[in-house]
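Colleague: let me see the structure of the following:
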Amino acid sequence: MSPNGHLVIVGATASGKSAIALEVARRRPGVELVSMDSMALYRGMDIGTAAPTAADRAEVPHHLLDLVDPTKDFTVSDFQVAAREALVGMADRGSRAVLVGGTGLHVRAVVDDLEIPGRYDEVRAALEADDDTSGLYARLVALDPVAAGRMEATNRRRVVRALEVTLGSGRPFSSFGPGLEAYPATPFTQVGLRVDRDVMDRRIAERYQRQLDDGFLDEVRALEGLVGGLSRSAAQALGYKELLAHLRGDRTLEDAVSDAVVATQRFARRQERWFRRDPRIEWFDVADDPLEALNEVLERFDRCGAPG
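Modeller: Got it, this is the predicted structure:
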């Protein structure tokens with residue numbers, strides 16, 4: 001499959017993806033940046049998501065930031081549509097994209113143009129009320145043996161999701177594509193930044209301190225006061241969830257920040273595992289400065305050519 005001219009930069013949180021993407025845009029005219037973060041798309045959640053600054057956005061066009069109020073849910077399907085629209089707009093302008101990814105499913109939704117099944121809340125609620133995971137798996141085996149064969153019988157989350165879609169849509173979950181275990185050819189060129197875990201852990205802790213100094217707690221306090229409250233997905237954002245608990249009086253600020261640091265470090269490891277499974281990603285090791293890999297990333301960007 002011929003490259004489409006767009007570069008995807010992935011990696012764990014605090015690996016330096018945004019810094020290197022911005023530098024690519026500075027050095028190559030006509031480049032626009034696309035955030036692939038599932039939380040930076042919410043308005044008013046800039047500090048805690050380490051969203052690009054106003055100065056960065058003024059210097060280089062950014063997309064998929066501040067798309068929706070945090071009181072609203074924004075599904076992967078919604079994100080996929082917004083990303084497609086952004087890329088079409090760039091094609092019309094003759095621009096090229098650097099997509100900066102931290103949320104694995106959102107990256108795959110765009111890179112592989114996934115056919116994403118809908119949500120069926122009533123069906124899911126009924127399934128969640130059934131504590132017999134083995135019984136649910138047996139139902140899945142009867143209804144969609146292909147999907148059942150792709151997962152462990154004890155993986156309740158996947159079993160419930162497959163049943164939800166099969167029952168709610170009226171078609172087998174497996175009919176929606178090969179699933180995330182397949183890595184087909186894609187027109188997107190993908191590179192990843194790999195950072196030593198000790199360095200990454202330190203960066204995560206230091207970033208939380210900078211965010212607090214920049215007013216993170218006040219940002220969370222403003223969100224807490226929104227009419228209707230945060231949506232289910234927005235309320236689970238790392239850092240926000242812990243600081244919300246502090247504002248409710250459930251834990252001290254020190255404990256909330258400590259919990260957020262540990263949770264984010266664990267999340268970073270899950271991100272690493274997710275992206276490392278994709279054989280299409282070319283990895284670059286960086287020590288303390290992500291720009292160490294700039295020349296290699298620029299070379300890959302140049303190699304993937306112009307769109308069309």
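
Colleague: for the rest of this, base every contact and every neighbour count on C-alpha atoms.
Modeller: OK.

Colleague: spatially nearest residue to Val199, not counting backbone neighbours?
Modeller: Using C-alpha to C-alpha, 6 or more residues apart in numbering and skipping residues adjacent in sequence, the residue nearest Val199 is Asp288, 7.1 Å away.

Colleague: is the one you found in contact with Met200, as I believe?
Modeller: No - with contacts counted by C-alpha atoms under 8 Å, Asp288 stays clear of Met200, the gap being 9.0 Å.

Colleague: and the two? which has more neighbours close in?
Modeller: Met200 (22 against 13; other C-alpha atoms under 10 Å).

Colleague: and the gap between the more buried one and Asp250?
Modeller: Met200 is 28 Å from Asp250, where distance means C-alpha to C-alpha, to the nearest Å.

Colleague: likewise for Glu206?
Modeller: Glu206 sits 24 Å away from Asp250, going by C-alpha to C-alpha.

Colleague: and if you look at Arg57?
Modeller: With C-alpha to C-alpha as the criterion, Arg57 and Asp250 are 36 Å apart.

Colleague: cool, and Gly229?
Modeller: 18 Å.

Colleague: the residue nearest to Val199 is in what secondary structure piece?
Modeller: When elements are assigned from DSSP states H and E, Asp288 belongs to no helix and no strand.

Colleague: and for the one 10 residues further on?
Modeller: Under the criterion of DSSP H and E, Leu298 resides in helix 294-303.

Colleague: output the contacting helices and strands for that helix.
Modeller: Judged by 3 or more C-alpha pairs under 8 Å, 6 or more residues apart in numbering; DSSP states H and E, the packing partners of helix 294-303 are helix 17-27, strand 189-195.

Colleague: please convert those to CSV, extending it with distance to Phe275, mean neighbour count and mean pLDDT.
Modeller: Listed next are the helices and strands packed on helix 294-303 as CSV, based on distance: least, C-alpha to C-alpha, whole Å; neighbours: other C-alpha atoms under 10 Å; pLDDT from 0 to 100:
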stretch, distance to Phe275, mean neighbour count, mean pLDDT
helix 17-27, 13, 19, 96
strand 189-195, 8, 22, 96
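
Colleague: could you chop the protein up by domain?
Modeller: 7-115+187-202+272-303, 121-176 (automatic domain parsing).

Colleague: quick one: Pro187 is in a helix?
Modeller: No - in this structure, Pro187 is coil, not part of a helix, as judged by DSSP: H, G, I helix; E, B strand; the rest coil.

Colleague: is the nearest residue to it once chain neighbours are set aside in a helix, a strand, or coil?
Modeller: Counting by C-alpha to C-alpha, 6+ apart, Pro3 is the residue found nearest to Pro187 once chain neighbours are left out, at 4.4 Å. Of the three states, Pro3 takes coil under three-state DSSP.

Colleague: what number of residues lie near Pro3?
Modeller: Pro3: 16 neighbours (other C-alpha under 10 Å).

Colleague: from Asp218, how far off is it?
Modeller: As defined by C-alpha to C-alpha, Pro3 lies at a distance of 44 Å from Asp218.

Colleague: again with Ser15
Modeller: Per C-alpha to C-alpha, Ser15 is found 26 Å from Asp218.

Colleague: do Arg248 as well
Modeller: For Arg248, the distance to Asp218 - C-alpha to C-alpha - is 14 Å.

Colleague: same question for Asp113.
Modeller: 38 Å.

Colleague: equivalent analysis for Val227, please.
Modeller: Distance from Val227 to Asp218, by C-alpha to C-alpha: 17 Å.

Colleague: more neighbours: those two, which one.
Modeller: Asp218 (13 against 8).

Colleague: any idea which element the more buried one lies in?
Modeller: Applying DSSP H and E, one finds Asp218 within helix 216-224.

Colleague: can you give me the helices for this protein?
Modeller: 17-27, 54-59, 76-93, 104-111, 121-128, 133-143, 145-149, 156-169, 197-213, 216-224, 240-247, 253-276, 294-303 (DSSP state H).
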